[in-house]
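[1] sharing a model prediction with you, sequence too.
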Amino acid sequence: MDLEKSPPPQRNDPEGCLVVAIRIPVRIVVLVLVVPVRVVWDGLVVAGRFLNDAVFRPLGRALLWVGRAVFVWPFVGLWRYAVVPLGKALGWLGKVLVVVPCVWAYRYVLTPLGHAIAWVARGIGAGLEWVYGRLLTPLGHGVMWALRGIGAVLAAAGAGVYGVVAWLGRYLLVMPARGLYEWVLAPVGRAVAWCWNGVLWVLRMIVTGIGTALYWTARILLVLPALALWRYVLVPVGRVLAVIGREVGEALGHAWRVAGRISQAVGRFLGTLLRWIFVEPVRWAYRSVLTPVGHVVRDAVLRPAAEAARSAGRVARQTLDAARDSVRQARADFRRMLFGEPRKREAVARREPVGAETRTLGSSTTALTKD
């Protein structure tokens, strides 16, 4: 509970007069505002616990039982006694109608057919390999040897023509193009690159100057005033508000704990008052009035009534037994009157001694010593 929590650790930092001046009024005001809230809160907690123990928990158990009876048990019974047997039956049918025929077809039809197809394919592959190794390979080698000979003849014929064409191309194309690049295009390109670098440098200087001017303008007009506002206005105000907020928070915690003590005392007072007003009179009435009256009623009324009831029960049982015996005797007399006396059974010699006679060492009833 909140009342059993340890108090927060005390701070060792020095406190100024502003903190002390703010703390006491804030704690008084917060205590006045928090005490009713804490009392109402504790009352709601007690009422909630009572409702939870007396209403919600039994209602939840009843709803849980009803939910199980309505939703869980029917589905469990349906699954256990309908779906599972039906699934087993369907599985057996699927095994008998699908799996077993498929396994038989795979084992006795597809497997031999596949082995035959594989044997034929291996024979065709062996034939193709023999054709490739014995016919196509030598034929290809002969064609390649003929092509190499034709290429050598053509190369020897075109070597002279290639030398003449190469000399003409060097002196008519390559050397004029190299002179044009070294003495015309390269100086013009360097001049254009130098002019472009100069234009870029001028543009860079212009942009740098404009950026520096804008930077200092924004710094003087925006940054420095905002920095001064933050440093000399917002930070002190924030510190004061932080002190006020911290003191208000500590005051709320302190007031909540004090209100808990007060609420506990009020609850104990109300409990004691309720006990002395209702519980103790009821207990005294039960102990001093109802218990002696109950003992008197038990001893004077209930026990004699119970004894009389037991006696009446015994008399009724004896009467019923006598009536039952009379009916049985009358039925036996009526049967004897109609059918006569029943024949008595003839006595049969028994091997065991009859009456008080017992076996002794001098007498025996075995087959060898029987008289």
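    Thanks, I have the structure now.

[2] so what's the residue count around residue 287?
    By the criterion of other C-beta atoms under 10 Å, residue 287 has 10 neighbours. Just so you know, the C-beta spots here come from the backbone N, C-alpha and C atoms, and that holds for glycine as well.

[3] any figure for the gap between it and residue 300?
    Distance from residue 287 to residue 300, counting by C-beta to C-beta, to the nearest Å: 20 Å.

[4] what do you get for residue 42?
    Relative to residue 300, and taking C-beta to C-beta, residue 42 is found at 50 Å.

[5] neighbour count winner among those two?
    residue 42 (20 against 10).

[6] ok, the more buried one touching residue 265?
    No - shown here, residue 42 and residue 265 do not form a contact pair, counting by C-beta atoms under 8 Å, at 11.0 Å.

[7] starting at the chain centroid, how far to the helix or strand hosting residue 329?
    Using DSSP states H and E, the element containing residue 329 is helix 303-339. Taking C-alpha atoms, centre = their mean, to the nearest Å, one finds helix 303-339 lying 71 Å from the centre of the chain it belongs to.

[8] try stretch 289-304
    Distance, centroid of stretch 289-304 to centroid of chain: 61 Å (C-alpha atoms, centre = their mean).

[9] quick one: end-to-end distance for that stretch.
    Terminal residues of stretch 289-304 are spaced 22 Å apart (C-alpha to C-alpha, to the nearest Å).

[10] in that stretch, what's buried?
    Within stretch 289-304, no residue counts as buried by 16 or more other C-beta atoms under 10 Å.

[11] which SS class is residue 83?
    helix (DSSP: H, G, I helix; E, B strand; the rest coil).

[12] burial count for it?
    11.

[13] pLDDT weak spots in the stretch 51-200 of the chain?
    The model of the stretch 51-200 of the chain has pLDDT under 70 over residues 151, 153-165.

[14] those helices in it, which residues are they?
    Taking DSSP state H, counting those that start in this stretch as the criterion, the stretch 51-200 of the chain contains helices spanning 57-67, 73-78, 84-94, 100-105, 111-131, 137-169, 175-180, 186-218.

[15] any idea how far the fourth one is from the chain center?
    Mean-position distance between helix 100-105 and its chain equals 44 Å (C-alpha atoms, centre = their mean).

[16] who touches that helix?
    The contact list for helix 100-105, computed with C-beta atoms under 8 Å, 6 or more residues apart in numbering, is empty.

[17] list the contacts of residue 85.
    So residue 85 contacts nothing (C-beta under 8 Å, 6+ apart).

[18] report the separation between it and residue 78.
    11 Å.

[19] before we move on, back to that, out of the helices of the stretch 51-200 of the chain, flag the one nearest residue 261.
    helix 57-67 (30.2 Å; C-beta to C-beta).

[20] and the longest helix for the chain?
    helix 235-274 (DSSP state H).

[21] who does that one touch, helix- and strand-wise?
    Where contact means 3 or more C-beta pairs under 8 Å, 6 or more residues apart in numbering; DSSP states H and E, helix 235-274 is packed against helix 17-51.

[22] what angle separates the helix it packs on from helix 235-274?
    Here helix 17-51 runs at an angle of 40 degrees relative to helix 235-274 (axes from the mean of the first three to the mean of the last three C-alpha atoms, to 10 degrees).

[23] helix 17-51 vs helix 57-67, what angle?
    50 degrees.

[24] make 41 the first number, not 1, from now on.
    Understood, numbering begins at 41; the last thing we discussed is helix 57-91.

[25] related to what we said a few turns ago, now the longest helix of the chain: how far from the chain's centre is it?
    Remark: helix 275-314 is offset 40 Å from the chain centroid, using C-alpha atoms, centre = their mean.

[26] pLDDT averaged over whichever helix or strand comes after it - what is it?
    As assigned by DSSP H and E, the chain's next helix or strand after helix 275-314 is helix 320-325. For helix 320-325, mean pLDDT is 89.

[27] equivalent analysis for stretch 370-381, please.
    So the average pLDDT for stretch 370-381 ends up being 76.

[28] next one: it to chain centre, how far?
    83 Å.

[29] what of stretch 239-254?
    Distance of stretch 239-254 from the chain centroid (C-alpha atoms, centre = their mean) equals 65 Å.

[30] again, but for stretch 326-345
    60 Å.

[31] between the two ends of it, how far is it?
    24 Å.

[32] try stretch 333-343
    14 Å.

[33] so for it, mean pLDDT?
    Stretch 333-343 comes out at a mean pLDDT of 88.

[34] helices or strands next to the helix holding residue 369 in the packing?
    Looks like helix 343-379 contacts no helix or strand (3+ C-beta pairs under 8 Å, 6+ apart).

[35] what about residue 78, neighbour count?
    Quick note: residue 78 (other C-beta under 10 Å) scores 22 neighbours.

[36] contacts only, for the closest residue to it other than its chain neighbours.
    Nearest residue to residue 78, sequence neighbours excluded (C-beta to C-beta, 6 or more residues apart in numbering): residue 299, at 3.3 Å. The contact partners of residue 299, taken as C-beta under 8 Å, 6+ apart, are 71, 74-75, 77-79.

[37] now with 10 Å, please.
    By C-beta atoms under 10 Å, 6 or more residues apart in numbering, residue 299 lies in contact with 42, 70-71, 73-79, 81-82.

[38] list the buried residues in stretch 76-83.
    78-79, 81-82.

[39] what's the closest of the residues you listed to residue 222?
    Closest to residue 222, out of all of the buried residues of stretch 76-83 and judged by C-beta to C-beta, is residue 81, at 98.0 Å.

[40] what does the pLDDT read for the closest one?
    The per-residue pLDDT reported for residue 81 equals 83.
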